[in-house]
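J.: let's see this in three dimensions:
(one chain, ligands or ions: 1)
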Amino acid sequence: MPGERKKFLGILFDCCNVYRRIYINKEGNAYEGRCPYCQREVTVKIGPEGGSKRFFTAR
Ligand SMILES: [Zn+2]
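T.: Numbering: from 1, shown residues only. Below is the predicted model:
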């Protein structure tokens, strides 16, 4: 579905080996979230061709 942006992104928090969804920020240019265990923040910027890659690992 070209042009469609997902509201969330599946991400593996490598710090605690836990999988969570993080959500798009209000500017719509990145996904932002926090590890539920250690509270580490992660930001995944949305690139020009954004959204083809759906799963990320936070390191
Ligand atoms: Zn963590």
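J.: leaving out sequence neighbours, find the closest residue to residue 57.
T.: Distance criterion C-beta to C-beta, 6 or more residues apart in numbering; nearest residue to residue 57, sequence neighbours excluded, is residue 12 at 4.6 Å. (C-beta placed from N, C-alpha, C; glycine too.)
J.: for that neighbour, name its beta-bridge partners.
T.: According to DSSP bridges, the residues that bridge with residue 12 are residue 19, residue 57.
J.: wait, doesn't it sit right on residue 58?
T.: Yes. Between residue 12 and residue 58 a contact is recorded at 6.8 Å, counting by C-beta atoms under 8 Å.
J.: neighbour count for the two, which is higher?
T.: More neighbours sit around residue 58 than around the other of residue 12 and residue 58, counting by other C-beta atoms under 10 Å; the figures are 19 against 15.
J.: wait, that one sits on residue 15?
T.: Yes. Applying C-beta under 8 Å as the test, residue 58 and residue 15 come out as touching, 7.1 Å apart.
J.: what is in contact with these two at once?
T.: Common neighbours of residue 58 and residue 15, using C-beta atoms under 8 Å, 6 or more residues apart in numbering, are 35, 40.
J.: report pLDDT for residue 7.
T.: You'll see residue 7 listed with a pLDDT of 87.
J.: then residue 17?
T.: Model confidence at residue 17, expressed as pLDDT, equals 96.
J.: please apply the same query to residue 55.
T.: In this prediction, residue 55 carries a pLDDT score of 59.
J.: over to residue 58?
T.: You'll see residue 58 listed with a pLDDT of 70.
J.: so which residues on this protein come close to the ion?
T.: 13, 15-16, 35, 37-38, 40 (C-beta under 5 Å from the ion).
J.: most neighbours among those, which one is it?
T.: Tallying neighbours with other C-beta under 10 Å puts residue 13 at the head of these, with 22 neighbours.
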